[in-house]
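Engineer: Build me a structure from this.
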Amino acid sequence: MQTHHVALAALLLCAGTAHAQTSLQTATGALPGDQLGDALAIVGDLDQDGHADLAFGAPFADANGASSGSVRVVSGRTGAQLFVFHGLAAGDRLGESVAAAGDLDNDGWPDIAAGAPNHDTNGSNAGMARVWSGRTGAVLYTWHGDAAGDWFGASVDGAGDVNGDGRPDVIVGAPYGKGTNTANVGEARLFSGLNGAVLRTFNSPQGVSVLGMSVSGAGDVDRDGFADVIVGAPQSTYSFNDQGRAWVFSGRTGASLRYFQGATAGENFGFCVDGGRDVNNDGWPDFVVGSPFADYQGANSGSVFVYSGRDGAQLHHFRGTAASDDMGRSCAHAGDVDGDGFADVIGGARLKDQGVGNAGMARVWSGRTGGVLNSVYGTAVDEMLGHAVAGGADVNGDGLDDFVVGWPTFDTGATSYDAGRARAYSAAPLPVTSYCTAGTSVSGCTATLTTTGAPSASASTPFVVRANGVLRQSTGFLFYGRHGQSMPYGSGWLCVTSPFVRLVSQGTLGSATGSVCSGFIQQDLNAHFRSGPDLAVHAGDTLFCQAFFRDSGSGLSNAVLFTVQP
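Structural biologist: Numbering: from 1, shown residues only. Here you go, the predicted structure:
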């Protein structure tokens, strides 16, 4: 295991490269004041067209009375509206939270969850959460807060299968819920996806902590075969007032597995949380936590932290760039945006001054290197772009995960204030990039890939990938596939995920009298693409390539990833 961490540490030293992004679907509030984009999610493929679809909350929309709220669900491929769900009464504010729920009814379609924290069935602002079928739009479950002022539904997320019954479950936050002890403020509740029953309630372990302001599924952190959850309590006070905490709870037993907390007073650490993705590729799901009032780059510059699910170690600390940025008001796993086999991270800084006051910013960082991959900025005063962010699925069908950003105070015109806007983005194609670490073979050879030319699905010009430094007069081959990874294998690292295309084996070239590691392997991949290989290659595909050579076992080079051009 120690070797594994040394190699990963080497990976993390690689510098990140910022890339442009392409706008995909855009949704705008129908009326002034709707504040569409206050919450959002990529909810899975509801219309079965091979593209993930999108859900946007507009908590101040007025379809069933002033601020009854709405959730709009649109096609990721075309932007067409698939469903719209409305709050039940004035003041409900449905759409303050929106999430992918998983397939609760086991019909093969993912379902959608949302919260209405100001709903009044069990008292003023007791709150409500609801789940709808992704296939029909029918209501599957409705849950209510216990008492007035609970704000049940302020946060909601799919929890995964926490009780092992084969159905995904749902977690809902009630940051002002009091439970049986009125001195404690903050709850989160787990509900069965099979029958809607209450599975477990997590109560605030101390005074006012607003436990449940943020909730998320966490994946199986403790490897017991049951999904776990992470819950934010941004006003927790231990060493410092309002430093904030994020608790990871066992889905099976409800026990606290670990917690993370802010380091200084007033950070509000835990204002946003997300879990379930593997940022450092060690096989454990990791955690993202936002701390919007942290002061590392000036007062309230804000931060986003990433922690290991395996041992709780801090993996990354991403800072706002200036005072009052509010970075970490929103945060999430972004999925694998750049296609390098590592989950990436997105954070929102809604008060970033980008030429104009409070224009806002959303930023995507590489989980592998920590470098900035993408930045999106607001363009007008008080747009507050980045108030909500989400990611983790492929919206445009290019094989890479995309991300979504909301700015609910976007103005559609001079007199149309706060209609709100949300937009999905795809990262721009990557150039040829080296990743992963070459192993050293038994004979001491460390093979390194180089490339010449540009990858193309149709051009007649060559794109030569060459592995230098392999064992001479041995046998080896190049191989490539659609996904990358970084896993120990033999005396090196396997950096391309199966299934992959293995090119023809060849004798490694090199002089019989030269250095033992003077061999090399090379192939023109463009010629191979044109020949119609087993893995059909098209313009826009991101591919991962590595070299293998035999040396009393396996020898593996580093790897390259590249995007195929027309």
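
Engineer: going forward, measure contacts between C-alpha atoms and count neighbours the same way
Structural biologist: OK.

Engineer: now the strands for the stretch 451-566 of the chain?
Structural biologist: Assigned by DSSP state E, counting those that start in this stretch, the strands in the stretch 451-566 of the chain fall at 464-470, 475-481, 484-489, 492-496, 500-502, 506-507, 519-524, 542-550, 554-563.

Engineer: Please point out which parts of the third one sit buried.
Structural biologist: Across strand 484-489, burial judged by 16 or more other CA atoms under 10 Å covers 484, 485, 486, 487.

Engineer: contacting residues around the residue nearest to the third one when sequence neighbours are not counted?
Structural biologist: Same thing as residue 486. Once flanking residues are discounted, residue 486 sits nearest to residue 495: 4.8 Å by CA to CA, 6 or more residues apart in numbering. Counting by CA atoms under 8 Å, 6 or more residues apart in numbering, residue 495 touches 436, 484, 485, 486, 487, 544, 546, 558, 559.

Engineer: Out of the strands of the stretch 451-566 of the chain, which gets nearest to residue 27?
Structural biologist: Nearest of the strands of the stretch 451-566 of the chain to residue 27, taken as CA to CA: strand 542-550 at 27.9 Å.

Engineer: what's that closest one packed up against?
Structural biologist: strand 475-481, strand 492-496, strand 554-563 (3 or more CA pairs under 8 Å, 6 or more residues apart in numbering; DSSP states H and E).

Engineer: and the spatially closest residue to residue 443 that is not a sequence neighbour, what is it in contact with?
Structural biologist: Closest residue in space to residue 443, ignoring its immediate chain neighbours: residue 551 at 7.0 Å, by CA to CA, 6+ apart. With contacts defined as CA under 8 Å, 6+ apart, the neighbours of residue 551 are 441, 442, 443, 471, 474.

Engineer: pLDDT wise, what is the second one at?
Structural biologist: Residue 442 carries a pLDDT score of 90 in this model.

Engineer: My understanding was that it contacts residue 549; is that so?
Structural biologist: No. If you go by CA atoms under 8 Å, residue 442 and residue 549 don't touch, sitting 11.3 Å apart.

Engineer: buried sites along stretch 385-401?
Structural biologist: 385-396, 399-401.

Engineer: Repeat that for stretch 550-566.
Structural biologist: Judged by neighbour count (16+ other CA under 10 Å), stretch 550-566 contains these buried residues: 550-551, 554-565.

Engineer: and the two most separated of these?
Structural biologist: The widest separation within these, taken as CA to CA, falls between 551 and 565 and amounts to 35.0 Å.

Engineer: of residue 442 and residue 549, who's got more company?
Structural biologist: Applying other CA atoms under 10 Å to residue 442 and residue 549 shows that residue 549 carries more neighbours, namely 28 against 15.

Engineer: Report the contact partners of that one.
Structural biologist: Taking CA under 8 Å, 6+ apart as the contact definition, residue 549 lies against 470, 471, 474, 475, 476, 477, 508, 555, 556.

Engineer: Next, the second one: phi, psi?
Structural biologist: Here the main-chain torsion angles of residue 471 (degrees, to the nearest 10) amount to phi -60, psi 130.

Engineer: number of nearby residues for the nearest residue to it once chain neighbours are set aside?
Structural biologist: Leaving aside its chain neighbours, residue 471 sits nearest to residue 517 (4.5 Å; criterion: CA to CA, 6+ apart). When neighbours are defined as other CA under 10 Å, residue 517 has 20 of them.

Engineer: Hmm, residue 543 is touching residue 482, no?
Structural biologist: Yes. Look at residue 543 against residue 482 with CA under 8 Å: they come within range, at 4.8 Å.

Engineer: so what pLDDT did the nearest residue to residue 466 once chain neighbours are set aside get?
Structural biologist: Spatial nearest neighbour of residue 466, excluding adjacent residues (CA to CA, 6+ apart): residue 522 at 4.1 Å. Residue 522 is assigned 91 on the pLDDT scale.

Engineer: sorry, back to before: in CSV, list the contacts of residue 495 along with distance to residue 210.
Structural biologist: Shown next, in CSV, are the contacts of residue 495 (distance: CA to CA, whole Å):
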residue, distance to residue 210
436, 42
484, 40
485, 38
486, 39
487, 40
544, 45
546, 49
558, 47
559, 46
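
Engineer: from the residues you listed, which single one is nearest residue 272?
Structural biologist: Using CA to CA, the contacts of residue 495 come closest to residue 272 at residue 485, 27.9 Å.

Engineer: need the contact list for that closest one.
Structural biologist: So residue 485 contacts 281, 340, 341, 342, 436, 494, 495, 496, 497 (CA under 8 Å, 6+ apart).

Engineer: In stretch 486-506, which residues are buried?
Structural biologist: For stretch 486-506, the buried set under the neighbour-count rule, 16+ other CA under 10 Å, comprises 486, 487, 491, 492, 493, 494, 495, 496, 497, 500, 502, 503.

Engineer: between the contacts of residue 549, which has the most around it?
Structural biologist: Highest neighbour count within the contacts of residue 549, by other CA under 10 Å: residue 470, with 34 neighbours.

Engineer: if we can go back for a sec, among the buried residues of stretch 385-401, which one has the lowest pLDDT?
Structural biologist: Comparing pLDDT over the buried residues of stretch 385-401, the lowest score belongs to residue 399 (83).

Engineer: Which pair in the contacts of residue 485 has the greatest spatial separation?
Structural biologist: Across these, the longest distance by CA to CA is 13.9 Å; it joins 342 and 494.

Engineer: Point out where the stretch 101-250 of the chain drops to low pLDDT.
Structural biologist: Along the stretch 101-250 of the chain, the parts satisfying pLDDT under 70 run over 180-183.

Engineer: how does it look with 50?
Structural biologist: Within the stretch 101-250 of the chain, no range satisfies pLDDT under 50.

Engineer: isn't residue 288 right up against residue 277?
Structural biologist: No. Using CA under 8 Å as the test, residue 288 is too far from residue 277 to be in contact (9.3 Å).

Engineer: Show me which of the two is the more surrounded one.
Structural biologist: Neighbours per residue (other CA under 10 Å) separate residue 288 from residue 277, with residue 288 holding more: 30 against 27.

Engineer: Can you tell me how far the residue lying closest to that one once chain neighbours are set aside is from residue 556?
Structural biologist: Among residues not flanking residue 288 along the chain, residue 306 sits closest, at 4.6 Å (CA to CA, 6+ apart). In this view, residue 306 and residue 556 are 30 Å apart by CA to CA, to the nearest Å.

Engineer: now do residue 325
Structural biologist: Distance, residue 325 to residue 556, using CA to CA: 44 Å.

Engineer: so where's the stretch 301-450 of the chain shaky on pLDDT?
Structural biologist: Using pLDDT under 50, nothing in the stretch 301-450 of the chain is flagged.

Engineer: could you pull out the strands for it?
Structural biologist: According to DSSP E, counting those that start in this stretch, the strands that the stretch 301-450 of the chain contains are 303-307, 314-319, 327-335, 344-349, 361-365, 372-377, 388-393, 402-407, 421-427, 433-435, 448-452.

Engineer: one step back: let me know whether the residue nearest to residue 288 touches residue 287 as I believe.
Structural biologist: Yes. If you go by CA under 8 Å, residue 306 and residue 287 touch, sitting 5.6 Å apart.

Engineer: Looking at those two, which is more packed in?
Structural biologist: In this view residue 306 and residue 287 are compared by other CA under 10 Å, and residue 287 has more residues nearby, 32 against 26.

Engineer: Quick check: chain neighbours aside, which residue is closest to that one?
Structural biologist: Residue 287 sits nearest to residue 275 (CA to CA, 6+ apart), 4.6 Å away.

Engineer: do residue 226 as well
Structural biologist: residue 162 (5.1 Å).

Engineer: And for residue 246?
Structural biologist: In this structure, residue 246 finds its nearest non-sequential neighbour in residue 232, 4.3 Å apart by CA to CA, 6+ apart.

Engineer: Kindly report the same for residue 331.
Structural biologist: Leaving aside its sequence neighbours, residue 331 sits nearest to residue 347 (CA to CA, 6+ apart; 4.2 Å).
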